[in-house]
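J.: I would like to see how this sequence folds:
(chains A and B)
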Amino acid sequence: MADLPDKDAAFIDWYLAVVEAADLSDKRYPVKGMNIWTAYGLRARRRLDQVMIREIEAIGSEAVEFPTLIPETDFAKEKEHVKGFDAQVYWVTRGGLTPLDVPLVLRPTSETAMYPTFALWVRSHKDLPLAVYQIVNTFRYETKTTRPFVRVREIHFFEEHTCQVDDAAATRRVHENLRAFAKMAADFGLPYLALRRPDWDKFAGAAYSVALDAPIGGPRTLQLGTVHHYRENFSGPYGIRYEAVDGTQKLVHQTTFGLSERLLGGIVAIHGDAKGAVFPVAVAPFEVVVVPIPAAGAGPAVNAAASEITERLRAAGRRVRLDAGDERPGAKYYRWELKGVPLRLEVGRREAAERTATAVDRFGAKGTVRLDSLESDVATRLDEFDRTLRERAETRFRASFAPAATLAELAHSDRVRYVGWCGAEACGHEIERAIDGALLGTPEERFPFETGPPARCIACGVERDVRWAVAAQPI
RNA sequence: GGGACUGUGGGGUAGCUUGGUCCAUCCUUCGGGGUUCGGGACUCCGAGACGCCAGUUCAAAUCUGGCCAGUCCCA
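T.: Just a heads-up that it's a prediction; the model follows:
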């Protein structure tokens, strides 16, 4: 097994090598940007989905599923949206040999699939708020280089869509979504910033967009998800109206919340290290791997102890894997570390005799668990592992940012930068050119740095109405 | 959209300039046997590739053309 490229010096090479070596995805499928979900990768993805489902249902969303194909006539109703997606959708233009009168779009996202139906579902203020989500595949014809999980053409997409009585209710929903994401991110151990995108970079058709960005080393960031406030931009063209308490007809205000397998890419990118992937317990395909260490004469006792441990942990609801394969123990350690399993339990002649197991977490912290108290000992170790994981990520997160006072400081930056910005688009583009990246936007909720207000716009120098903005190189 | 580059077993590579030494090198992987097993074991046997289609030639992994796929840069 070859060593991995250096994460800091060759991040992309490292990332691709980990995804491949940990067997999270098989990218040899012969269509660009469409990769195969392997058994191990799919286990991780399903864990992510479950966390998303738990948190979105906790704020009152219900699961639905809309069809994959959208008639062009519906797709084209909201002009900005169409303009934004026109160049990157797949078209179905034939049914068998017959050209279709109305071509069909493979959904790049589902606004235009859902909203004609929302107009039928929403009649009265009693129908509001309407909050539904679906986890489905969407398709975008990416022309840039695709990367597993991070930039793909077939996207495993979580999308919540809501209809609200007015702007204020929709704004509250945006913040409910942000809090729901905060809970998900806590499970994933992912520190991030919620940034309101500048107008030129918002979602096509949105009134405004709040993106969830995570620094992943150097000046680079990864966008993990987005929450959009549409106001009446879609409800107008799609006729989503309700009769208010006072008898008048009103357009709903809408929001959406989107996440994808990028979260998995983010988890690999942020937690991974020189030994490979590192999964937080909530996401780990296997929380525990049990490795028996055979010894001459003690084989049956060792195997019996390993089996007992595996079965008891499984009965306790743990995702556990017994690796009894015919390899040297060391080879197994390396592989399961590469695959990011949080905790390894080793059982050899000594442990079997003492009714214990040696526990080593993914960071190398070593200890002993007793079979008497196996379930609770393992739970304690996993909690400690998760705490370490979070602290490491949080420490790196804080070290990822630096302020900049001049445009020159942005060039060849080794950090994500926060700068004073007057809000003017021209200044924003100057900042983007200077960092050779993007102005990600202004903090929507918290700003994690101890810092006063910015003195002046880094581009034009004005001192009035200046706010902090974050500039980086999104991948 | 414009340009440059690259396609060799499952993965990574040597060979390509100057056609023949190549029924293709090495590492890894995979299957089988044996000895092993407390941090990537050893050994024996075996499996597996020149992106596709034409052309030039006595002879093509190597040269030419087209196609397909991929990567990077620029708009």
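J.: So stretch A:201-218, near RNA strand B or not?
T.: No: Stretch A:201-218 stays clear of RNA strand B (Cβ under 7 Å from any atom of the strand), getting no nearer than 14.7 Å. The way it works is simple: take the backbone N, C-alpha and C, and place the C-beta from them, glycine included.
J.: Can you get me the start-to-end distance on that stretch?
T.: Start and end residues of stretch A:201-218 are separated by 22 Å (Cα to Cα, to the nearest Å).
J.: Could you give me the buried positions within it?
T.: By 16 or more other Cβ atoms under 10 Å, the buried positions in stretch A:201-218 come out as A:202-217.
J.: Next: stretch A:447-459.
T.: Using 16+ other Cβ under 10 Å as the test for burial, stretch A:447-459 gives A:447, A:454, A:456-459.
J.: likewise stretch A:462-475?
T.: In stretch A:462-475, counting by 16+ other Cβ under 10 Å, buried: A:466, A:468-473, A:475.
J.: And for stretch A:425-437?
T.: Buried-residue list, stretch A:425-437, by 16+ other Cβ under 10 Å: A:427-428, A:430-432, A:434-435, A:437.
J.: Among those, which ones are in helices?
T.: Using DSSP state H, the subset of the buried residues of stretch A:425-437 located in helices is A:427-428, A:430-432, A:434-435.
J.: can you put these in TSV and add pLDDT and distance to RNA strand B?
T.: Below are those laid out as TSV (pLDDT from 0 to 100; distance: Cβ to the nearest atom of the strand, whole Å):
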residue	pLDDT	distance to RNA strand B
A:Cys427	95	20
A:Gly428	95	18
A:Glu430	94	16
A:Ile431	95	17
A:Glu432	94	13
A:Ala434	93	15
A:Ile435	93	14
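J.: Can you name the residues that contact the residue nearest the centre of chain A?
T.: Centrality entry for chain A: nearest residue to the mean C-alpha point is A:Leu263, 2.0 Å, by Cα atoms, centre = their mean. Listed by Cβ atoms under 8 Å, 6 or more residues apart in numbering, the contact partners of A:Leu263 are A:48, A:184, A:188, A:190, A:224-225.
J.: any idea whether it is helix, strand or coil?
T.: Under DSSP: H, G, I helix; E, B strand; the rest coil, A:Leu263 falls in the helix class.
J.: How confident was the prediction at it?
T.: Here the pLDDT value assigned to A:Leu263 is 97.
J.: For the stretch 301-450 of chain A, just list every one of the strands.
T.: A:320-322, A:343-347, A:356-361, A:366-370, A:401-403, A:416-421, A:438-443 (DSSP state E, counting those that start in this stretch).
J.: do the same with the stretch 151-300 of chain A
T.: Using DSSP E, counting those that start in this stretch, strands in the stretch 151-300 of chain A cover A:154-164, A:193-196, A:208-215, A:220-231, A:241-243, A:249-251, A:253-260, A:288-292.
J.: In JSON lines, list those along with mean pLDDT.
T.: Formatted as JSON lines, the strands of the stretch 151-300 of chain A follow (pLDDT from 0 to 100):
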{"stretch": "strand A:154-164", "mean pLDDT": "97"}
{"stretch": "strand A:193-196", "mean pLDDT": "96"}
{"stretch": "strand A:208-215", "mean pLDDT": "96"}
{"stretch": "strand A:220-231", "mean pLDDT": "96"}
{"stretch": "strand A:241-243", "mean pLDDT": "98"}
{"stretch": "strand A:249-251", "mean pLDDT": "98"}
{"stretch": "strand A:253-260", "mean pLDDT": "98"}
{"stretch": "strand A:288-292", "mean pLDDT": "97"}
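J.: Put together TSV for the ones you listed, with distance to A:Glu337 on each row.
T.: Formatted as TSV, those follow (distance: least, Cβ to Cβ, whole Å):
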stretch	distance to A:Glu337
strand A:154-164	26
strand A:193-196	30
strand A:208-215	23
strand A:220-231	23
strand A:241-243	55
strand A:249-251	55
strand A:253-260	27
strand A:288-292	10
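J.: Can you tell me what sits against stretch A:424-438?
T.: Against stretch A:424-438 from outside (Cβ under 8 Å, 6+ apart): A:198-201, A:219, A:407-408, A:410-411, A:413, A:417, A:419, A:421, A:439, A:457-460, A:469, A:471-474.
J.: right, and A:Leu224 touches A:Gly266 too?
T.: Yes: counting by Cβ atoms under 8 Å, A:Gly266 is a contact partner of A:Leu224 at 5.3 Å.
J.: between these two, what contacts are shared?
T.: With contacts defined as Cβ under 8 Å, 6+ apart, the residues shared by A:Leu224 and A:Gly266 are A:190, A:214.
J.: Just the pLDDT for the residue in the stretch 101-250 of chain A that RNA strand B sits nearest to.
T.: Closest approach between the stretch 101-250 of chain A and RNA strand B, counting by Cβ to the nearest atom of the strand: A:Thr145, at 2.7 Å. At A:Thr145, the model reports a pLDDT of 83.
J.: who are the neighbours in contact with it?
T.: Going by Cβ under 8 Å, 6+ apart, A:Thr145 touches A:Arg151.
J.: before we move on, what about the one 3 residues further on?
T.: A:Pro148 makes contacts with A:16, A:19, A:24-25, A:27, A:35, A:265, as judged by Cβ under 8 Å, 6+ apart.
J.: again, only using 7 Å
T.: By Cβ atoms under 7 Å, 6 or more residues apart in numbering, the contact list for A:Pro148 reads A:19, A:25, A:27, A:35.
J.: buried ones in stretch A:15-31?
T.: Neighbour-count burial for stretch A:15-31, counted by 16+ other Cβ under 10 Å, picks out A:15-19, A:21-25, A:27.
J.: wait, I meant stretch A:219-238
T.: For stretch A:219-238, by 16+ other Cβ under 10 Å, it's A:219-235, A:237-238.
J.: next one: stretch A:326-345
T.: Residues of stretch A:326-345 classed as buried: A:332-333, A:335-345 (neighbour count, 16+ other Cβ under 10 Å).
J.: Most widely separated two among these?
T.: Using Cβ to Cβ, the two most remote members of the buried residues of stretch A:326-345 are A:Leu338 and A:Leu345, lying 17.7 Å apart.
J.: show me what contacts A:Val278?
T.: Residues in contact with A:Val278, defined by Cβ under 7 Å, 6+ apart, are A:271-272, A:340, A:362, A:389.
J.: quick one on the thing from earlier: nearest to A:Arg172, out of the strands of the stretch 301-450 of chain A?
T.: Nearest of the strands of the stretch 301-450 of chain A to A:Arg172, taken as Cβ to Cβ: strand A:438-443 at 18.6 Å.
J.: is the closest one anywhere near RNA strand B?
T.: No: shown here: strand A:438-443 not in contact with RNA strand B (Cβ under 7 Å from any atom of the strand), separated by at least 14.3 Å.
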